[in-house]
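> Okay, sequence plus prediction incoming.
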There are 2 protein chains.
Amino acid sequence: MTSPLDAERRKSRVFSRELAYVLHQSKSNVEKLEWLEQLLVQDPVFNHEKMYYLTRGEQYKRATQMAGRAEIIAHRNKLSEEDTALLHVVLQGFTSCPSSTALHTGMFFKNLGLLFTDEQQAKWMKMAKQWRMIGCYAQTELGHGSNVRGLETTATYIPATDEFEIHSPTLTSMKWWPGALARTANFGVVYARLLLGGKDYGVHNFMVQLRDLETHDAMAGVTLGDIGPKIGLNNVDNGYCTFDHVRIPREQMGMRVATVTREGKYMKNSGVPQEVLYFTMLQTRMTYIRSCGLALAKASTITIRYSAVRQQGYDANNPDSKEELSVLDYQTQQYRLFPLLAAAYAITLTGNQVDTFSLQLADQIKHGDLSMLVVGHAMSCGLKVLTSEMACNGIETCRRACGGHGYLLSSGLPVLLGDILQTVTAEGENFVLCQQTARALLKVHGQFQSSGRLPAAMQFIANIGKPMRAQPRGKDQWLELETYTDVFQQRFLFSLRGLVAKVASEPSIAAGIQNNSMHCYKLANAYTYLVLVNNFVEAVRSSSTLTKENLPVLQLLCRLFALTQLETTAGEFMESGCVFPSEMPIIRANIEELLALIRPHAVTLVDGFNFSDHALNSTLGRYDGNVYEALYESAQHDPLNHSSDKVALHELLRPIRDEIARESSANSRL
Amino acid sequence: MTSPLDAERRKSRVFSRELAYVLHQSKSNVEKLEWLEQLLVQDPVFNHEKMYYLTRGEQYKRATQMAGRAEIIAHRNKLSEEDTALLHVVLQGFTSCPSSTALHTGMFFKNLGLLFTDEQQAKWMKMAKQWRMIGCYAQTELGHGSNVRGLETTATYIPATDEFEIHSPTLTSMKWWPGALARTANFGVVYARLLLGGKDYGVHNFMVQLRDLETHDAMAGVTLGDIGPKIGLNNVDNGYCTFDHVRIPREQMGMRVATVTREGKYMKNSGVPQEVLYFTMLQTRMTYIRSCGLALAKASTITIRYSAVRQQGYDANNPDSKEELSVLDYQTQQYRLFPLLAAAYAITLTGNQVDTFSLQLADQIKHGDLSMLVVGHAMSCGLKVLTSEMACNGIETCRRACGGHGYLLSSGLPVLLGDILQTVTAEGENFVLCQQTARALLKVHGQFQSSGRLPAAMQFIANIGKPMRAQPRGKDQWLELETYTDVFQQRFLFSLRGLVAKVASEPSIAAGIQNNSMHCYKLANAYTYLVLVNNFVEAVRSSSTLTKENLPVLQLLCRLFALTQLETTAGEFMESGCVFPSEMPIIRANIEELLALIRPHAVTLVDGFNFSDHALNSTLGRYDGNVYEALYESAQHDPLNHSSDKVALHELLRPIRDEIARESSANSRL
């Protein structure tokens, strides 16, 4: 059967299968992901085409069923631990949002592995891996999120019984937001203020049983509930919880960072810094980068395929033609979508590197080596902020670019958007995190000034004192990859110099950052754009993994990424002196040429992300392009189309008619 | 009882009641709106605090009940037609989205009044006003939205019976999207290609009965359904519809623009231009401006109040203080929110003018005077595009600025956002509409070149040939209102000159616009920013309606609006030569000062919009600031908190345990 997208695929020389190997790290990895997806989709439980038509309660039930079935499939196929984890990742890809159980296999496992002693782990890890214990990460409270130091839940040591008493002393101390807390978890890692003999030792983590393992009833003193419907993440039971003088054994405090003795003495464990307490958040944050790249890739896939199929309006350059143009042929549509496609490539490729880095960092930290923590912090915060905003804003741009049909849940875009929107807030609110990136950059810069040394990943800071280029560039120079690394570096260094100067005149670095927080936000983004541009340029400069068909097309994407990101904040580049106002027409002309050059490859470039129709779950994004049939068929799943209760007649038309009839008869009686 | 917001209100000298009179046009209008709201809220049907916890079917039912009750209340209180219309507007304000019935009282009435002859109106208007006939506007099809010329539904004249046959010849010709079509309307104004004796006369409108007036069953040959859940507008039954050779009397074509005679002859009616066919869309578009302003105002109200209440983190300038800062004290939060507050004022004030203009224009057009149509078109398209994007993006910024709690539906922000998102697509997709603004501007410019004449509202185009200023401005100059009108005008004229030059080298104006559509988009926005800035400056330059307490504070808002909008697209201003890169530090320093000056008045400035707690329906936006109690109490409405079905136990934990038990016993048997 011919497909509306056949012609698109024929006219491109891009070999999309090879791109998939690059984006998903290797041929064998792509094949493994495909095999795991097949293991799932052959089971009818994973048929989720009606997902958009379910209530929130039904969605949670389906997501929970799927997670349970996936685990059973893993067992039956004797998957390794790594492959089981990957299977759950594949499953998450179906629903665009991490399920409640992802918090168990993700955050809870990581927290258990990092913050509890070997003896403690011996006790719980097996239970957790066999899903008898299912955990959540209970940190955030109604009154405190960003300011973790302000958490109010208390853990008071009771020497008489050798227990901690976990308690919620105020309304605002109620745990509020933890995923899996409302209905799923039977244990939680609870963050609470440690009180010993009346003294406050600050926030520590405690393993608290929330529900009975057999009956799943809440434990005595524990009150649990759901915080209500959300803009996204509606498969997940984000919950609230209060503790009314709940006792737990002393051994259930996470004792890797510090120990509380039988006598109630506090002992810091040497070699394990306090920062590690929140390292689970840093790790989770790093997983967001690749997720954001893939979410944007999904939206790009849906929108570019649909825009190629959708025909609307006529070619003004060919007034006699009666055939309508493909929406993707319009310059505005290309300007909206191709930079996002390029960004999806840039972020996913960087996400691959971050995932590798994250494993290294966790290993080092477990062995007490904190040397890479500053760079890890700056980079993870900066990349989380920028990539989450690019993904959220980009997916919404895609949704709008699908016109009316993008407003329908069946397009897949609204749910994708709603789910990803949590990333701008979770694991560090973006505007707060930027201050951390700025602080880390100031620290690195300070060390450079005093010692002349810089971490390998930040050597470019050495150029901070060097003079700026003062010559406008021509058209060809604006297409050279070196130009991009140069101007993004200059923009960043200008911003860093500015912040250093401002902070120098403040009473403290902390005050300098707080009083110049917008500058910090822009500095953090300038730094992170540089990281993304450098990575993308490096990946396409001369790749051994790309063929001569694909490499030049990816270079087009890289150029488009750099130039359009520059154009969006052109004022900052001009202010820094590395771009002249007179260069803008050249830059824009280059962008317009790049759009036209990328146009024939747009569909094969999104094919490179290798999303199955099952993973996309979109009427508009289907591989075969038969969007109108899909829209109509999907609407047939709507329960409203199977009801005939005539609400308008009974609630609107008849009551008004009756009222008017009453009025007239009353009037006629007068 | 003291409220967390009392202190905020005490420290401002702004008199918010007076601001309400300005924003809502007069003291008497404010009082009328309050009176109408009271008429509604004393009826328990309008208690909508559980709205966020309902399914889509339940939401539609509640919205329909409310609309019916409002109409009955209007009857019982003998409200005039104007007041009844206003009552429905107040009702819409409760749910942030136009209900299905708003399409009846809005678009359908307008279409009936404008495109049908007096005799036709005599037949239907009374029925419509008594809600025996309830209508929808059925234009958009599955395959065609923006390109109205491409609609496929046919209306074939059958001389033998003096009827039209309405028919859907293809899948893509299915009517798809019309609000109120799925379950509410019993009549529709259907847009279809008029076919007379085999000749296609293009798209015309026809009154088609969809349902039986008594039973509400679909008429023979009419298939109706719901298009499914959406990112917003879930109170509204957007529907699909196909016609299988449905016959209607010839008299049911809208005969104001053209007449079809008994013999099947087509006669254009002189004095009524073809453009009028789509004038309903233009009118509806103009109502969006004020709606967008008020939607942004609602989000600003919620977010600024919450940000004043929310305390998080400590003052780095005062390290000994243990008291937490209000989130609104942080520069980043002010930078995010105050420009949006300023924009809400700018858009609402402009919306007031547009509403007046819209009435004048409709009246003129009814009398065959089309002289103001070009300006009306340019302005309505441009303002709709820019204000819908400012509102959508701004509401999402507000939502994010509320952190985690902004992700909850109970904050009111997600539903407000979802509902307003339709405005970027409906009544003309924004990127398509910008080309119309550009076309109108080119037309006006062309007329100016040939005749030297310009419409009153576009006199500034006369400056297109004048030389640009070439001197940087100082700090004080950047606070003068005249500076803003000057630089926004120069940026616009630079863009217009550029487009004129580009189009001159193209084969036709149409081709010039299509080949430079991104330029058109930017030009349209540059024009519309100028309109907004001019209006805002005019309103605060010397107002007779503002006291000496309020005027200077509104001037701060006006400065902030202009400077922050300039900063966002600073590159364009620099490129046009009216701002130098070296001026940016001055501009930014001014912005930072303005933020600090506005801070004490932020809460009283949002009070000026005069939203009741009922209209806000937000846990975070309450007038009294008791947000944490509200969040907790709202969550108690969640049906999940009243169920105890233990999904996780039955669907996840037990199946996995059973599987593991089976495995072990199988292994032990081996």
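Received it, and whenever you're ready, just let me know what you need.
> Show the contacting residues for whatever residue of the stretch 1-150 of chain A ends up closest to chain B.
Nearest to chain B in the stretch 1-150 of chain A, going by Cβ to the nearest Cβ, is residue A:68, at a distance of 4.0 Å. In this view, the C-beta of every residue, glycine as well, is placed from N, C-alpha and C. Residue A:68 sits next to B:651, B:652, B:653, B:655, B:656 when contact means Cβ atoms under 8 Å, 6 or more residues apart in numbering or on different chains.
> if you set the cut-off to 6 Å instead, what comes out?
With contact set as Cβ atoms under 6 Å, 6 or more residues apart in numbering or on different chains, residue A:68 has these partners: B:651, B:652, B:655, B:656.
> can you give me the helices for the stretch 551-670 of chain A?
Secondary structure of the stretch 551-670 of chain A (DSSP state H, counting those that start in this stretch): helices located at A:570-576, A:584-598, A:602-607, A:613-616, A:627-635, A:647-648, A:654-669.
> I'd like the mean pLDDT over stretch A:644-651, please.
Across stretch A:644-651, the average pLDDT comes to 90.
> Over to stretch A:25-45?
Averaging pLDDT along stretch A:25-45 yields 96.
> Could you report the neighbour count for residue A:588?
Counted with other Cβ atoms under 10 Å in any protein chain shown, the neighbours of residue A:588 add up to 18.
> So which of the helices of the stretch 551-670 of chain A is nearest chain B?
Comparing the helices of the stretch 551-670 of chain A under Cβ to the nearest Cβ, the one sitting nearest is helix A:570-576, at 2.9 Å.
> Make TSV out of the helices of the stretch 551-670 of chain A and add distance to chain B.
Compiled in TSV, the helices of the stretch 551-670 of chain A are given as follows (distance: least, Cβ to the nearest Cβ, whole Å):
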stretch	distance to chain B
helix A:570-576	3
helix A:584-598	5
helix A:602-607	17
helix A:613-616	17
helix A:627-635	5
helix A:647-648	4
helix A:654-669	4
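> got a list of what residue A:197 touches?
So residue A:197 contacts residue A:264 (Cβ under 6 Å, 6+ apart).
> Now do it against residue A:162, distance only.
Relative to residue A:162, residue A:197 is positioned 14 Å away (Cβ to Cβ, to the nearest Å).
> per-residue pLDDT, the residue of the stretch 1-150 of chain A closest to chain B?
Confidence for residue A:68, expressed as pLDDT, is 94.
> That one: what secondary structure?
At residue A:68 the chain is in helix, as set by DSSP: H, G, I helix; E, B strand; the rest coil.
> Once you drop chain neighbours, what's closest to it?
residue B:652 (4.0 Å; Cβ to Cβ, 6 or more residues apart in numbering or on different chains).
> Just list what the longest helix seen in chain A packs against, helices and strands only.
Looking across chain A with DSSP state H, the single longest helix is helix A:331-366. Contacts defined by 3 or more Cβ pairs under 6 Å, 6 or more residues apart in numbering or on different chains; DSSP states H and E place helix A:331-366 against helix A:279-309, helix A:373-401, helix A:517-541, helix A:550-568, helix A:584-598, helix B:517-541.
> Of these, which is nearest residue B:260?
helix A:279-309 (35.9 Å; Cβ to Cβ).
> Find the nearest non-adjacent residue to residue A:27, please.
In space, residue A:27 is closest to residue A:21, 4.7 Å off (Cβ to Cβ, 6+ apart).
> Check which helix or strand that neighbour maps to.
helix A:16-23 (DSSP states H and E).
> Grab the nearest non-local neighbour of the one residue in the stretch 351-500 of chain A that gets nearest to chain B.
The nearest approach of the stretch 351-500 of chain A to chain B comes at residue A:414, 3.7 Å away (Cβ to the nearest Cβ). Closest residue in space to residue A:414, ignoring its immediate chain neighbours: residue B:231 at 3.7 Å, by Cβ to Cβ, 6+ apart.
> List the contacts of that neighbour.
With contact set as Cβ under 6 Å, 6+ apart, residue B:231 has these partners: A:407, A:414, B:418, B:421.
> can you check residue A:355 too?
Residue A:355 neighbours (Cβ under 6 Å, 6+ apart): residue A:290.
> what does residue A:408 give?
By Cβ under 6 Å, 6+ apart, the contact list for residue A:408 reads B:228, B:230.
> got a pLDDT number for it?
98.
> Just read off the phi/psi values of it.
For residue A:408, the backbone dihedrals (degrees, to the nearest 10) come out as phi -80, psi 140.
> swap in residue A:163?
phi -130, psi 160.
> Likewise for the one 3 residues further on?
Dihedral angles of residue A:166 (phi, psi; degrees, to the nearest 10) stand at phi -90, psi 130.
> Thought residue A:157 was touching it, still the case?
No. Using Cβ atoms under 6 Å, residue A:166 makes no contact with residue A:157, being 11.1 Å away.
> What parts of the stretch 201-350 of chain A come near chain B?
Within reach of chain B by Cβ under 6 Å from any Cβ of the partner chain, the stretch 201-350 of chain A has these residues: A:216, A:225-231, A:312-313, A:316-317, A:331-332, A:335.
> Top of those by number of neighbours, please.
residue A:227 (28 neighbours).
> Tell me the residues of the stretch 1-150 of chain A that contact chain B?
A:52, A:55, A:57, A:61, A:64-65, A:67-68, A:71-72, A:75, A:130-131, A:142, A:145-147.
> Just the buried ones out of the residues you listed, please.
In these, burial by neighbour count holds for A:52, A:55, A:57, A:61, A:64-65, A:67-68, A:71-72, A:131, A:142, A:145-146, counting by 16 or more other Cβ atoms under 10 Å in any protein chain shown.
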